[in-house]
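> Here's a sequence, model it:
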Amino acid sequence: MLFCYTDVEDIMKGGGSMRKTNIKYALAAVLPVAFAVLCHSVSYNISLAFPARILDLTRTFIYMGLFLVWGFSINRRVIKRQTRSLLTSVCALEVFWLTVREIKFRFISDPEILRHLWYAYYIPIILIPLLSLYISMLLGKPESYKLSRSTVLFSVPSLVLLFLILTNDFHQLAFRFPENAAVFSEREYTYGIVYYLTFAWVIICSLLSFILMFIKSRLPKNRKSLPLPLIVFFAAAVYSVLYGMRIEFVLKNLGDVAVVFCLFFTAFFESCIQSGLIQSNTRYFSLFSALSDVEILITDKNYNIEYSSKHTKKAVVSDMRLAEKEPIITKDKKRLYNMPVYGGRAIWSEDISEIIGLTEKLRDTQEELRERNALLQLEYEKEKEHRTVEEQNRLFDLLQNKTQPQLNRITSLVQEYKTANSKDEKKQILAEILIFGTFIKRNKDFIISMEYADEFPELMLISALRESFRALRLLDIEGSFLVNTNRELISGETLSLAYDFFEDVIEAVLGRANYINLRLCEIKGRLRISILTDCEECDSFLDTKYPEMIIENDESLEFILNLEGGEKK
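Okay, the predicted model is just below:
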């Protein structure tokens, strides 16, 4: 990926020129600091009040200007928007700190206001390490990445500690003042628990920030630059310890905590940028020197080529302009990209000839697969149709085999109907045909249903019996039935066996019986069907078909069969 650059002219100067430019930038930062230190030293030793104040103001404006310039450079150099915003916030806090310090020492004499301005120092002291921690969390993440809601938890201790320090006058948990003091002053106090918690939290945030930066970042090729953030970090830690111990040399020469820590913060983040821990748009000479296999151009706004990588062919200006809105494919099978950068355009190409060849092969393969899929779909439809017919034939054969006796009986009854003379005889024949037809219809329902399920409610048998008893009434055969299994579901084979047994009994007593009563219930855990009729004899085929059937003859016949355990032959 090609990032935005600072200035096209800087890149054109080559590696040696870049090193000279870096030295110039370093001197541009160090010399103002040295001059500011000189101003501080002179103002500290001069006896004249007005010149000393002028030198102090000059020193303050130098530092504020230096931090502002650094903040503007962050907007030009740092790539990621969120990281850039956080670093800009750090710069704003540094300027805020120096502004509060200057107001405190130059323009305010009221002790109450002075003390609250002193408390305000801790706004940047607490928030800058927290922002540094958030910056480290963004390393290695895409541009669209946003910090999760859980990271807000890190701001809770910072805000609580900041609130306790700003309200120290009410509880004195951060700074304790003498009980007999007329006015609370920063010249006479001791540290409280909140101060030490604040100091510890700042150290924790700073350590976590550096550790995350070191682990998650892409390490630069120049490993010698990696110790830079470490040096700055440990220098700040040593200064904090020495200042806390009230060492006279430190208090005399480096006693301005606001300036020193702002310099430490700036140096730390700048060293992270220079070492590659925070990605920036610098070091382009090394980048272009390493890109021997990638064709990249940097042009001005008029598409005059200012710089190019090795082996880069000159692109047509018209193609460059066409690629401004979206990448285009050139005649030599390359994808051309064009993006705006500071001061011009960045243009690079990607050889996609192999991809185009593969795409053409893939297109041919897709066409072949489409035809093959059409054939397979046709074969599938034919096979599906064939299997449907086979299944229909199987069910038809199964139904025909089971109901063949009834079909034969219906055929015989139809012949009898044709030769019948009386109306009553024809009516009786039609009633018998209806009985056998009902049986065939209900058997079909049982056979088809058992193809999709194994168990059914007893209502299925009740419905079949109800229709059969209606048909029996046409032959003046009265009766009733009771089905009470106390079961939610019953095996389909058991229900079918019960209905078959009922139909066979009807055929055995048809023409002899005037009433038929059926009862199906559970006895000793087994379903049993009992059919009672008023005839004295029946056809003998029942004994052969149901060998376990029990027939009781006491002025009427009762046929009893255990549906579970006694199977039909």
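
> What segments of the stretch 301-450 of the chain are strands?
Using DSSP state E, counting those that start in this stretch, the strands of the stretch 301-450 of the chain run over 305-308, 328-329, 334-341, 344-351.

> looking at those strands, which is closest to Asn168?
strand 334-341 (49.8 Å; Cβ to Cβ). C-betas here are computed from N, CA, C, even on glycine.

> For that closest one, buried residues please.
Going by neighbour count (16 or more other Cβ atoms under 10 Å), the buried part of strand 334-341 is 334-338, 341.

> Provide the contact partners of that strand at residue level.
Contacts to strand 334-341, defined as Cβ atoms under 8 Å, 6 or more residues apart in numbering, come from residues 2, 4-5, 295, 298, 315, 319-324, 327-330, 345-353.

> now it: mean pLDDT?
Per-residue pLDDT over strand 334-341 has a mean of 80.

> and that strand, how far from the chain's centre?
Relative to its chain's centre, strand 334-341 lies at 32 Å (Cα atoms, centre = their mean, to the nearest Å).

> Tabulate the CA atom coordinates of it in PDB.
The C-alpha atoms that make up strand 334-341 are tabulated as PDB, following Å, rounded to 0.1, in the frame of the first residue of the first chain:
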ATOM      1  CA  LYS A 334      -2.400  -4.300 -15.900                       C
ATOM      2  CA  ARG A 335      -4.600  -2.600 -13.300                       C
ATOM      3  CA  LEU A 336      -3.800   1.000 -12.900                       C
ATOM      4  CA  TYR A 337      -4.500   2.900  -9.600                       C
ATOM      5  CA  ASN A 338      -4.500   6.600  -9.000                       C
ATOM      6  CA  MET A 339      -4.800   8.300  -5.600                       C
ATOM      7  CA  PRO A 340      -4.300  11.900  -4.400                       C
ATOM      8  CA  VAL A 341      -1.400  12.600  -2.100                       C
END
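
> who does the helix of greatest length in the chain touch, helix- and strand-wise?
Secondary structure of the chain read by DSSP state H shows that its longest helix is helix 353-419. Using 3 or more Cβ pairs under 8 Å, 6 or more residues apart in numbering; DSSP states H and E, the elements in contact with helix 353-419 are helix 423-449.

> what lines up beside the helix or strand following the helix it packs on in the sheet?
In the C-terminal direction, the helix or strand that comes right after helix 423-449 (DSSP states H and E) is strand 455-456. Here strand 455-456 is paired, per DSSP bridges, with strand 490-491 (antiparallel).

> Where does pLDDT dip in the stretch 251-400 of the chain?
Within the stretch 251-400 of the chain, the set of residues satisfying pLDDT under 70 comprises 253, 255, 276-277, 279, 281-294, 306-316, 342, 388-400.

> And the stretch 451-569 of the chain, by the same measure?
Within the stretch 451-569 of the chain, the stretches with pLDDT under 70 are 539-540, 565-569.

> where do the helices sit along it?
Along the stretch 451-569 of the chain, counting by DSSP state H, counting those that start in this stretch, helices occupy 459-473, 492-509, 541-545.

> Burial-wise, tell me which of the ones you listed comes out on top.
Of all the helices of the stretch 451-569 of the chain, helix 492-509 carries the top mean neighbour count, a mean of 22, counting by mean count of other Cβ atoms under 10 Å.

> by how many degrees do that helix and helix 459-473 diverge?
Relative orientation of helix 492-509 and helix 459-473, computed by axes from the mean of the first three to the mean of the last three Cα atoms, to 10 degrees: 10 degrees.

> what's helix 492-509 packed up against?
Using 3+ Cβ pairs under 8 Å, 6+ apart as the contact definition, the elements that helix 492-509 packs against are helix 423-449, strand 455-456, helix 459-473, strand 515-523, strand 526-533, helix 541-545, strand 557-562.

> out of these, which comes closest to Val152?
For the helices and strands packed on helix 492-509, distance to Val152 was read as Cβ to Cβ. The smallest value, 57.8 Å, belongs to strand 455-456.

> Report the separation between the residue of the chain most remote from its centre and Gly344.
In the chain, counting by Cα atoms, centre = their mean, Asn421 sits farthest out from the average C-alpha position, at 84.4 Å. Noted for Asn421: a distance of 115 Å to Gly344, by Cβ to Cβ, to the nearest Å.

> Over to Ile490?
Separation of Ile490 from Gly344 (Cβ to Cβ): 86 Å.

> Repeat that for Glu326.
For Glu326, the distance to Gly344 (Cβ to Cβ) stands at 19 Å.

> Which one of the two is surrounded by more residues?
For Glu326 and Gly344, the more surrounded residue by other Cβ atoms under 10 Å is Gly344, and the numbers stand at 21 against 8.

> and the more buried one, bridged to which residues?
Listed by DSSP bridges, the beta-bridge partners for Gly344 are Val341.

> Number the residues from 872 up from this point.
Sure thing, new numbering starts at 872, so read that last one as Gly1215.

> Just read off the phi/psi values of the residue lying closest to Lys1298 once chain neighbours are set aside.
Distances taken as Cβ to Cβ, 6 or more residues apart in numbering place Leu1345 nearest to Lys1298, at 7.8 Å, with adjacent residues excluded. Dihedral angles of Leu1345 (phi, psi; degrees, to the nearest 10) stand at phi -70, psi -20.

> Pull the number of nearby residues for Leu1345.
Close neighbours of Leu1345, defined as other Cβ under 10 Å, add up to 14.

> coming back round to it: identify whichever of the helices and strands packed on helix 1363-1380 lies nearest to Trp968.
Using Cβ to Cβ, the nearest of these to Trp968 is strand 1326-1327, at 81.8 Å.

> hang on, isn't Met1331 packed against Ile1319?
No - if you go by Cβ atoms under 8 Å, Met1331 and Ile1319 don't touch, sitting 11.8 Å apart.

> follow-up on the earlier one: and the helices of the stretch 1322-1440 of the chain as a markdown table, adding distance to Leu1398?
What follows is these, written out as a markdown table (distance: least, Cβ to Cβ, whole Å):
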| stretch | distance to Leu1398 |
| --- | --- |
| helix 1330-1344 | 11 |
| helix 1363-1380 | 6 |
| helix 1412-1416 | 19 |
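
> Got the confidence number for Met1084?
The predicted local confidence for Met1084 is 73.

> Distance from the helix or strand containing it to the middle of the chain?
Counting by DSSP H and E, the element that carries Met1084 is helix 1064-1087. For helix 1064-1087, the gap between its own C-alpha mean and the chain's C-alpha mean amounts to 31 Å (Cα atoms, centre = their mean).

> cool, stretch 1029-1041 as well?
If you compare the mean C-alpha spot of stretch 1029-1041 with that of the full chain, they lie 39 Å apart, counting by Cα atoms, centre = their mean.

> Check what contacts that stretch and list those residues.
Counting by Cβ under 8 Å, 6+ apart, the neighbours of stretch 1029-1041 from elsewhere in the structure are 986-987, 990-991, 993-994, 997-998, 1001, 1042, 1044-1046, 1055, 1065-1066, 1068-1069, 1072, 1076.

> re the thing from before, and the helices and strands packed on helix 1363-1380: which comes nearest Val1128?
Once the helices and strands packed on helix 1363-1380 are compared by Cβ to Cβ, strand 1326-1327 is nearest, at 85.5 Å.

> Tell me which of the helices and strands packed on helix 1363-1380 lies nearest to Leu928.
Between Leu928 and these, the tightest spacing by Cβ to Cβ is seen for strand 1326-1327, at 97.4 Å.

> quick one: that closest one to chain centroid distance?
Using Cα atoms, centre = their mean, the mean C-alpha position of strand 1326-1327 is found 44 Å from that of the whole chain.

> Which residues does that strand contact?
The contact list for strand 1326-1327, computed with Cβ under 8 Å, 6+ apart, reads 1320, 1360-1363, 1366.

> For beta bridges, what are the partners of Asn1433?
Beta-bridge pairing of Asn1433, defined through DSSP bridges, involves Arg1399.
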